[in-house]
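# coordinates for the following, if possible.
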Amino acid sequence: MSKKSSPEPQESDKAPIKLRKKITARYLENSGAHYLQRFAASSARFKQVMIRKIDLSCRDHPEQNREDCLALLNQIVIKFIDLGYLNDTSFAKGLFYSLSLRGYSRQKIMAQMKMKGVPEQDIRECLGAESHEHELAMAVRYIKRKKLGAFSLREIENGNQKALASLARNGFGYDVASKALNLSKDEAMSILDKMP
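Residues are numbered from 1 along each chain as shown. You can find the predicted model right below:
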């Protein structure tokens, strides 16, 4: 028995390698505007994404000067800030509100904001007015979402150890976590009703 071998692909059969576009001010502006239409971003995160685009383009077109492309990017960032497309303060407030609705702790919100490239000043401004009651309300929001404590659908045998561990993994301190888990359903709902 002879094995039938598949024919070797010819050079002309291979699809041509598609090169990325060269970096121009217009290209950076259009691709940056397209990115910001799809995703909210801080100016630092926006720059990270666009620098990745520049690096990939410079790899395909070695004649491009990376430093010139970065200078173009800085001009685009300034233009987008002036136009209001990039606004770190409003992005930070929106992200804080979104993460608060999910029941994230102060510590976890701070970590998420740093990861998204929010400047330290904006992080402090968002988290500065937060109080112990607000942290408790976020813990209550978290236990409601995860159906723990007063919102649990079944009796807890181990006294909330798993629930405490879950709250601790999400950045809540022991005192806040235990207080949230020991609330009755009515007390928890009254705390949630006071939240904005």
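
# would you mind measuring from the residue nearest to the spatial centre of the chain to Glu125?
Centroid check for the chain by C-alpha atoms, centre = their mean gives Lys116 as the closest residue, at 5.2 Å. Using C-beta to C-beta, to the nearest Å, Lys116 is found at 15 Å from Glu125. Placement of C-beta: from N, CA and C, glycine included.

# same question for Lys18.
Counting by C-beta to C-beta - Lys18 and Glu125 are separated by 45 Å.

# residues in contact with Leu56?
Arg20 (C-beta atoms under 8 Å, 6 or more residues apart in numbering).

# what do you get for Met110?
Contacts of Met110 (C-beta under 8 Å, 6+ apart): 123, 127.

# and the pLDDT for it?
Per-residue pLDDT puts Met110 at 91.

# Three-state assignment for it, please.
When classified by DSSP: H, G, I helix; E, B strand; the rest coil, Met110 comes out as helix.

# remind me which residues of this structure are low pLDDT?
1-15, 129-131, 156-159, 196 (pLDDT under 70).

# can you give me the strands in it?
Applying DSSP state E to the chain gives no strands.

# now do the helices in it.
Ranges of helices within the chain are 25-38, 43-60, 66-83, 88-101, 106-115, 120-128, 132-145, 161-169, 174-181, 185-194, based on DSSP state H.

# a markdown table for the ones you listed, including distance to Glu155?
As requested, the helices of the chain are exported to a markdown table (distance: least, C-beta to C-beta, whole Å):
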| stretch | distance to Glu155 |
| --- | --- |
| helix 25-38 | 46 |
| helix 43-60 | 45 |
| helix 66-83 | 55 |
| helix 88-101 | 29 |
| helix 106-115 | 29 |
| helix 120-128 | 37 |
| helix 132-145 | 16 |
| helix 161-169 | 13 |
| helix 174-181 | 14 |
| helix 185-194 | 14 |
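
# for Arg154, find the nearest of these.
Across these, Arg154 has its closest neighbour in helix 161-169 (12.1 Å, C-beta to C-beta).

# the closest one - contacts with which helices or strands?
Other helices and strands packing on helix 161-169, by 3 or more C-beta pairs under 8 Å, 6 or more residues apart in numbering; DSSP states H and E, are helix 132-145, helix 174-181.

# burial of the spatially closest residue to Phe46 that is not a sequence neighbour, as a residue count?
Once flanking residues are discounted, Phe46 sits nearest to Leu86: 6.0 Å by C-beta to C-beta, 6 or more residues apart in numbering. When neighbours are defined as other C-beta atoms under 10 Å, Leu86 has 24 of them.

# then Gly171?
By other C-beta under 10 Å, 20 other residues sit near Gly171.

# what sits against it?
With contacts defined as C-beta under 8 Å, 6+ apart, the neighbours of Gly171 are 104-108, 111.

# next: Gln107.
Here Gln107 is in contact with Gly171 (C-beta under 8 Å, 6+ apart).

# where's it relative to Lys114, distance?
11 Å.
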